[in-house]
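S.K.: dropping the sequence and predicted coords here.
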Amino acid sequence: MTTTPSHVVGVGADLLADAVEGQAVPVTRVDWRPPMTGTEADLVTVATDPRRREANDRALAAMLAVSATLVDVGPASEVLGLERGQFLHAGPPIGWDRTSGPLRGALMAGAALEGLVDDPEDAVALFEHDDGVSLEPCHHRATVGPMAGVVTPSMWMFVLEDPATGRRTHCSLNEGLGKVLRYGAYGPDVLERLRWMSAVLGPLLRSAVRAGDPVDVTGILTQMLQMGDEAHNRNRAGTLMLLRDLAPAMATSGADPADIAASLRFIGGNDHFFLNLAMPACKLALDAARDIDGSTMVVAMARNGTDFGIQVSGTGDEWFTGPAQVADGLFLGDYGPDDANPDIGDSAITETAGIGGFAMATAPAIVRLVGGTVPDALATTRRMHEITLGENPRWTVPVLDFQGVPSGIDVTRVCRTGILPQINTGMAGRRAGVGQVGAGLVTPPAEIFPAALAALAARVPR
């Protein structure tokens with residue numbers, strides 16, 4: 001006797017599933033793929049590590065428990081101890097000889113800003129000969145920087161703190177879009193804007209922050225995800241909520257009314273201003289999950305324009321790197337793919353924490369900036385759940401019935417499924433001095449996850 005199945009699960013080719021559906025039998029299609037090539041033995045070793053489950057539970061819980069508050073604003077020389085000639089940059093470690101165009105342009109602008117050279121072009125010789133200058137990743141100083149991520153001693157920084165632990169993270173102030181230092185531009189207008197930010201905007205923000213209660217950055221992130229932002233390439237609601245919190249204290253600070261008006265106009269006209277708070281808030285949360293033996297959770301993704309690197313909780317400060325990829329997206333004006341530099345910036349810390357590209361379903365309008373379609377945005381958020389340890393009940397997606405954003409990228413799940421983290425990103429021009437050329441979507445180089453998996457396997461007690 002032959003019975004008709006009530007339901008069929010289809011894996012792989014669609015031919016069989018199509019035939020079954022033609023017989024009016026419900027079919028669930030599963031996008032199954034074999035593990036990444038060469039990872040089978042390491043997957044078995046790590047999967048049988050008796051520490052893994054509890055370690056990952058601890059890492060995810062630690063990340064989700066953090067609340068980030070804005071407690072201060074100050075120059076990097078003060079809050080980071082950065083000295084003359086010391087430069088921070090986005091991504092994993094790199095030397096001048098391998099730096100990309102936008103990172104070189106940003107470093108040249110930084111050298112002129114600090115008075116090390118009169119003309120940014122003269123900074124090339126300074127860096128080539130390592131003449132009293134040093135380069136260090138932002139991440140090594142509890143800091144994150146968008147795009148080139150260059151930080152110099154005179155730049156003013158946001159200071160975020162977790163009230164429960166007192167841990168702090170930092171990020172520079174956002175310059176806006178177009179020809180700005182973080183996209184590798186170094187013209188006179190770039191330097192003039194940065195000097196105004198240090199002389200006027202930074203001190204005014206410090207006065208406002210110190211005058212009131214700490215700004216609940218995590219709370220703003222919670223609200224902005226309900227209002228159409230994904231907190232990487234769309235920060236409009238977040239910026240306006242920040243302005244709401246700071247404007248009264250700025251207005252009553254006693255500063256020159258013209259300076260107050262200029263600062264309010266600058267923040268209100270820069271939809272990306274809140275990004276530089278979202279990033280250190282995500283780093284603050286992820287830093288709480290670091291250094292847990294046996295944990296396979298990714299705690300940082302970062303790019304310097306040449307290399308893409310990740311760090312994993314269970315492997316300490318080690319970077320696993322591969323070549324940064326050029327984003328696929330939309331371009332400004334007459335620019336095209338040949339004008340774009342490979343991906344750059346620490347801003348992928350947002351995706352590492354579960355927002356940005358992982359939360360595209362909260363911000364369908366983002367596809368107008370980075371490309372794709374609204375169904376693509378929804379599918380991306382659903383797909384990222386397949387490579388994460390859990391979800392964040394604080395940060396939810398209204399269109400997906402308020403499901404928490406996918407959180408805690410798991411190296412083993414990436415290697416097992418072949419699904420790579422999705423990142424929304426801006427695109428910097430390949431040549432120093434060009435600035436922004438577009439925005440789009442990008443993923444990490446696949447090989448860095450098997451490398452991290454191998455390092456995790458080597459640490460499993462025998």
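M.R.: Cool, got the structure.

S.K.: and this structure, what are its domains?
M.R.: 40-62+291-458, 65-280 (automatic domain parsing).

S.K.: now those in TSV, with mean neighbour count, mean pLDDT and distance to Leu16?
M.R.: C-betas here are computed from N, CA, C, even on glycine. TSV is the format used below for the domains of the chain (neighbours: other C-beta atoms under 10 Å; pLDDT from 0 to 100; distance: least, C-beta to C-beta, whole Å):
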stretch	mean neighbour count	mean pLDDT	distance to Leu16
domain 40-62+291-458	21	95	21
domain 65-280	20	97	37
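
S.K.: among those domains, which is nearest Pro34?
M.R.: Proximity to Pro34, assessed across those by C-beta to C-beta, is greatest for domain 40-62+291-458 (7.6 Å).

S.K.: the closest one: end-to-end distance?
M.R.: For domain 40-62+291-458, the first-to-last residue distance is 14 Å (C-alpha to C-alpha, to the nearest Å).

S.K.: how far does stretch 196-212 sit from the chain's center?
M.R.: Offset of stretch 196-212 from its chain centre (C-alpha atoms, centre = their mean, to the nearest Å): 25 Å.

S.K.: next, the distance between the ends of it.
M.R.: 24 Å.

S.K.: which residues are in contact with that stretch?
M.R.: Residues outside stretch 196-212 that contact it (C-beta atoms under 8 Å, 6 or more residues apart in numbering) are 70-75, 154-156, 173, 175, 215, 245-246, 248-250, 252-253, 255, 259-260, 262-263, 266.

S.K.: same check, this time on stretch 114-124
M.R.: By C-beta under 8 Å, 6+ apart, stretch 114-124 touches 84-85, 104-105, 107-109, 111-112, 126, 132-133, 152-154, 186, 191.

S.K.: same question for stretch 360-368.
M.R.: Stretch 360-368 has contacts (C-beta under 8 Å, 6+ apart) with 225-226, 228-230, 233-234, 373-374, 376-378, 380-382, 397-400, 405, 422, 424.

S.K.: would you mind measuring from the nearest residue to Gly294 once chain neighbours are set aside to Pro450?
M.R.: Spatially, and ignoring its direct neighbours in sequence, Gly294 is nearest to Arg51 (3.0 Å; C-beta to C-beta, 6 or more residues apart in numbering). Separation of Arg51 from Pro450 (C-beta to C-beta, to the nearest Å): 21 Å.

S.K.: swap in Asp57?
M.R.: For Asp57, the distance to Pro450 - C-beta to C-beta - is 24 Å.

S.K.: can you tell me how far the nearest residue to Val399 once chain neighbours are set aside sits from Leu286?
M.R.: Computed as C-beta to C-beta, 6+ apart, the closest residue to Val399 that is not its neighbour in sequence is Ala361, at 5.6 Å. As defined by C-beta to C-beta, Ala361 lies at a distance of 21 Å from Leu286.

S.K.: do Val124 as well
M.R.: 35 Å.

S.K.: try Ala211
M.R.: Counting by C-beta to C-beta - Ala211 and Leu286 are separated by 30 Å.

S.K.: helices or strands next to the longest helix along the chain in the packing?
M.R.: The longest helix of the chain (DSSP state H) is helix 236-251. Packing partners of helix 236-251 (3 or more C-beta pairs under 8 Å, 6 or more residues apart in numbering; DSSP states H and E): helix 202-211, strand 215-216, helix 217-224, helix 257-268, helix 275-287.

S.K.: same thing but 6 Å
M.R.: Other helices and strands packing on helix 236-251, by 3 or more C-beta pairs under 6 Å, 6 or more residues apart in numbering; DSSP states H and E, are helix 202-211, helix 217-224, helix 257-268.

S.K.: show me what that helix is in contact with.
M.R.: Contact partners of helix 236-251, identified using C-beta atoms under 6 Å, 6 or more residues apart in numbering, comprise 204, 208, 211-212, 215, 220, 224, 227, 229, 260, 267-268, 271, 273-274.

S.K.: rewinding a little: looking at the contacts of stretch 360-368, which are in strands?
M.R.: When strands are assigned by DSSP state E, the members of the contacts of stretch 360-368 inside them are Val397, Val405, Asn424.
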